[in-house]
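Colleague: sequence? don't have it. structure:
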């Protein structure tokens, strides 16, 4: 049995707080820096590496983190999770998203069936459906092939799938597996749906309605929006829509859809990119084979996350270094900086994944904790960010730990050679330069041009952003967030913090308000 | 003469630190909350309002902020700025971006001419050029009209113009002034340029090369990328490109462009949306009249920023409340949350504007300061954010001040009525609900469902996102950032923090590296 204790009750917590701080400017200089880059590196799936040489750690701190990993029983907790223990204590649910992409643990039986079979079964249904759309067995009312797929969903039903689609769009086009263009409608702002509908040919579009509960306000509203548009175009909406939902939702048995695909309560929205929530749109856009490769990358990374040796477990290591930065060094935010335009929305997905999972103030038993938990997460792709907020990262008064991602090769392969180097080389040169600039700084007599350094970063390096490496990246961060939640002894799998706003919004719409809420409602003409 | 003193040398700083904290949960409840919403509101340009009722301030704190505004001579410093004093001390430059959109102050003569005439002259040249493109006087090599405009620029030459374009795209389509589709190439990642080029019809595209210095690595590289593509398509690149640059840049006199439009060193990239940097692409996309309306909105807001009465000066008030939150309450980040899908990239622009301007550790004389300066800025549109990172905002261990933006009406006007309300009403109901949920919270015996409240926010409310209100919004935040820089006694107008990375990247490309930098370069195959 695992023991669930608050972080500050662990002896390794005290030891970590007492550990001697590392001066990055010193250890990253000269021969020491060279050795660190070689030494502080751990293999990831799909041929990638997690390199943490530029993090403010040394062997002493790392060994304390190893003690922490053992004392907090991180590997055992992950094992308990994938074997079906009720880890989501708030909602009294198992947490089974790993099962959508691999075979890590024992069979888990629930709701009258084997869950692994259930997830794989739904995946097969989706693959079958996508193949039929692609080969023209499933067509529109006029007997023509569908050319576009539009996902209607918000939060976890939007950010992850959208980020994954953008990450693979150019790769798929380049590699001959681009099947259909995908678009996304998320916001309840009517201009979101209206603009997307104005930009697609609705007669050749298939819409995926994604809502686990079948009750999400934005998604149901946007469903009506789309149905209106289909009706106005003289089309039968039920021939243009599919649903991804739970078997118990009001959408499950509706005749309003061509077909419904199922997920369940054991997969949280922000962890659902590898379920039907990501599976339907990615399989339609790129084909089921590409989606399967994405799942393989994630499964391979999950296996590494199950390794009990911290130094062979990249997501656990990433998690613990992050805990050290947050709880000992006191840094309040983390920036995610992919040097890849294809990952333009990956930081937005990680922002949800991390902040919604670990932005909590009570432990898994509902008791307030006495330490800080999840940080603010933000980021934009490099080199764009260099010309934007990096000024503060380099010379601001607060230190922000950085999470770089870089690939040796581009996806499309079109490039130009200017002044002896390609754009891809310039891109990679910039991320290498930034790591060292942040860590080492540079003294200047003019304080305005002085760089203190001492700003920690890690980098994940891959050969190319492919379905496999994307799956591995996604799983890495999902598992990192999970491990941090274990250390903080919080429930990373519920989100009670989103409820109050929903309740009050309903009151506003029902005109059941007084005080400040009524005043704001009046100001906004509701 | 104005006096430039560090913030902690001001007597109002001590007074502010000693002021009694406001319990938002109490003051925003019941009758008190109702009165605050009515009272803590100040008109902005274009019929908008800045409402700060849900900020953790009261009359005492606000009066101290008024003292601070006076002691720090904020109004006088703004006056000195727009009258041409050398406010950018690091680079020894004037700061004249306000002059691109109005007539706030005296004539400023520099570089042998009147600067106002110079900016207006360039604006007219751009308007003339755009009109000729629209009416078919300027056409491609085959005598056909251009249909698409592509901006090549990064940082300030990308984020602002891109955010403004997205903000007005649907409005322009709805109001019959959409002239040309716009696209943007920014990243040195070759996949960025390749993907954009694959998505446009280059034969009917006009490319705007934007670089003040004419030496920006990413922009020059992408220029070559585009020229290659034009050449491969058998087109004469010089008939498809214009430049926005300074008169002294290598691009200024080149025969490679149809025409060059000029800006100068007195306009920083992140403040250049109202100059030719934003002017060329917005005038081509929507017509010069729309761009002029955008400038009018900004100019109207600038006038309010010049008001010496803090309580009639929305950007100064916003700035000072932010300083109180940052330096007294100790909050390290601020979220920007527009309830408008059209403002999807507005937070990314503000992220640059704020973090690049005020992410500094030394004062304007190059002396280290002993207080924190610019916060981390991040954000996504609502209601999307509600299903993402709001969990942490509501229940996380750190408090993040919030900056909401909302409009009574949508841009496109297509809407559906579900359960008695339109999507636009649902959108507005949600932002009203969030403000009160964050401020007041809600007690629950189950700690996991408990909302502490006490999380401060302000909201800017407008009728609709139009060219005028967008201009006013932009100017509001530009001026807010400027006033905060004045309080912190820093130079908000240089960005020395971006230099070191550039220097090291060049070394990597020249293979002049050793130690850690060489190791990272090897790992990335450079």
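Modeller: That came through fine. Here the structure is a predicted model, which means the values were calculated and not measured.

Colleague: ok, now which ones touch the nearest residue to residue A:490 once chain neighbours are set aside?
Modeller: Spatially, and ignoring its direct neighbours in sequence, residue A:490 is nearest to residue A:360 (4.4 Å; Cβ to Cβ, 6 or more residues apart in numbering or on different chains). Just so you know, the C-beta spots here come from the backbone N, C-alpha and C atoms, and that holds for glycine as well. Residues counted as contacts of residue A:360 (Cβ atoms under 8 Å, 6 or more residues apart in numbering or on different chains) are A:373-374, A:488, A:490-492, A:497, B:391, B:395-397.

Colleague: as JSON lines, the residues you listed with distance to residue A:440 and secondary structure would be great.
Modeller: Listed next are those as JSON lines, based on distance: Cβ to Cβ, whole Å; DSSP: H, G, I helix; E, B strand; the rest coil:
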{"residue": "A:373", "distance to residue A:440": "31", "secondary structure": "coil"}
{"residue": "A:374", "distance to residue A:440": "29", "secondary structure": "coil"}
{"residue": "A:488", "distance to residue A:440": "31", "secondary structure": "helix"}
{"residue": "A:490", "distance to residue A:440": "35", "secondary structure": "coil"}
{"residue": "A:491", "distance to residue A:440": "40", "secondary structure": "coil"}
{"residue": "A:492", "distance to residue A:440": "35", "secondary structure": "coil"}
{"residue": "A:497", "distance to residue A:440": "39", "secondary structure": "helix"}
{"residue": "B:391", "distance to residue A:440": "36", "secondary structure": "helix"}
{"residue": "B:395", "distance to residue A:440": "38", "secondary structure": "helix"}
{"residue": "B:396", "distance to residue A:440": "32", "secondary structure": "coil"}
{"residue": "B:397", "distance to residue A:440": "32", "secondary structure": "coil"}
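
Colleague: report the lowest-confidence entry in these.
Modeller: Lowest in pLDDT among these is residue A:497, which has 95.

Colleague: surely it touches residue A:358?
Modeller: No - using Cβ atoms under 8 Å as the test, residue A:497 is too far from residue A:358 to be in contact (11.4 Å).

Colleague: which residues do those two both contact?
Modeller: By Cβ under 8 Å, 6+ apart, residue A:497 and residue A:358 have these common neighbours: residue B:392.

Colleague: for the nearest residue to residue A:157 once chain neighbours are set aside, list each beta-bridge partner.
Modeller: Of all residues not flanking residue A:157 in the chain, residue A:210 sits nearest, at 3.9 Å (Cβ to Cβ, 6+ apart). With DSSP bridges applied, residue A:210 shows beta-bridge pairing to residue A:244.

Colleague: pick out the residue in the stretch 151-300 of chain A sitting closest to chain B.
Modeller: Nearest residue of the stretch 151-300 of chain A to chain B: residue A:155, at 2.7 Å (Cβ to the nearest Cβ).

Colleague: show me what contacts that residue?
Modeller: Applying Cβ under 8 Å, 6+ apart, the residues contacting residue A:155 are A:269-270, A:352, A:356, B:384, B:386-388.

Colleague: can you put these in JSON lines and add secondary structure and distance to residue A:332?
Modeller: Converted to JSON lines, the contacts of residue A:155 look like this (DSSP: H, G, I helix; E, B strand; the rest coil; distance: Cβ to Cβ, whole Å):
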{"residue": "A:269", "secondary structure": "helix", "distance to residue A:332": "25"}
{"residue": "A:270", "secondary structure": "helix", "distance to residue A:332": "21"}
{"residue": "A:352", "secondary structure": "helix", "distance to residue A:332": "18"}
{"residue": "A:356", "secondary structure": "helix", "distance to residue A:332": "17"}
{"residue": "B:384", "secondary structure": "helix", "distance to residue A:332": "23"}
{"residue": "B:386", "secondary structure": "helix", "distance to residue A:332": "22"}
{"residue": "B:387", "secondary structure": "helix", "distance to residue A:332": "23"}
{"residue": "B:388", "secondary structure": "coil", "distance to residue A:332": "18"}
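
Colleague: rewinding a little: how close does the residue nearest to residue A:490 get to residue A:499?
Modeller: Distance of residue A:360 to residue A:499, given as Cβ to Cβ, to the nearest Å: 14 Å.

Colleague: same check, this time on residue A:446
Modeller: Taking Cβ to Cβ, one finds residue A:446 at 52 Å from residue A:499.

Colleague: out of the two, which sits in the more crowded spot?
Modeller: residue A:499 (16 against 10; other Cβ atoms under 10 Å in any protein chain shown).

Colleague: excluding chain neighbours, what is closest to that one?
Modeller: For residue A:499, ignoring the flanking residues on the chain, the nearest one in space by Cβ to Cβ, 6+ apart is residue B:449 at 6.9 Å.

Colleague: now residue A:211
Modeller: residue A:219 (4.4 Å).

Colleague: which residues does the one you found contact?
Modeller: A:152-154, A:157, A:209-211.

Colleague: show me which pair in those residues is furthest apart.
Modeller: A:154 and A:209 (11.4 Å; Cβ to Cβ).

Colleague: how many neighbours does residue A:57 have?
Modeller: Residue neighbour count, defined by other Cβ under 10 Å, stands at 27 for residue A:57.

Colleague: just residue A:495 next, same as before
Modeller: Here the number of neighbours of residue A:495 (other Cβ under 10 Å) works out to 27.

Colleague: for it, give me its contacts.
Modeller: Taking Cβ under 8 Å, 6+ apart as the test, what residue A:495 contacts is A:268, A:356, B:391.

Colleague: pretty sure the last one is touching residue A:355, no?
Modeller: What it means is residue B:391. Yes - using Cβ under 8 Å, residue B:391 is in contact with residue A:355, at 6.3 Å.

Colleague: tabulate the contacts of residue A:495 (a markdown table), appending distance to residue B:81.
Modeller: Formatted as a markdown table, those follow (distance: Cβ to Cβ, whole Å):
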| residue | distance to residue B:81 |
| --- | --- |
| A:268 | 50 |
| A:356 | 42 |
| B:391 | 41 |
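
Colleague: what strand or helix carries residue A:285?
Modeller: Using DSSP states H and E, residue A:285 sits within helix A:276-286.

Colleague: mind listing the strands for the stretch 101-250 of chain A?
Modeller: A:109-110, A:113-114, A:148-152, A:181-185, A:205-210, A:241-246 (DSSP state E, counting those that start in this stretch).

Colleague: would you reformat those strands as a markdown table and include mean pLDDT and mean neighbour count?
Modeller: What follows is the strands of the stretch 101-250 of chain A, written out as a markdown table (pLDDT from 0 to 100; neighbours: other Cβ atoms under 10 Å in any protein chain shown):
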| stretch | mean pLDDT | mean neighbour count |
| --- | --- | --- |
| strand A:109-110 | 94 | 14 |
| strand A:113-114 | 94 | 13 |
| strand A:148-152 | 98 | 25 |
| strand A:181-185 | 98 | 21 |
| strand A:205-210 | 98 | 26 |
| strand A:241-246 | 96 | 25 |
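
Colleague: quick one: which of those is nearest residue A:198?
Modeller: It is, among the strands of the stretch 101-250 of chain A and with distance given as Cβ to Cβ, strand A:181-185, at 10.9 Å.

Colleague: can you list the helices and strands that that closest one packs against?
Modeller: strand A:148-152, helix A:159-174, helix A:190-199, helix A:217-232, helix A:276-286 (3 or more Cβ pairs under 8 Å, 6 or more residues apart in numbering or on different chains; DSSP states H and E).
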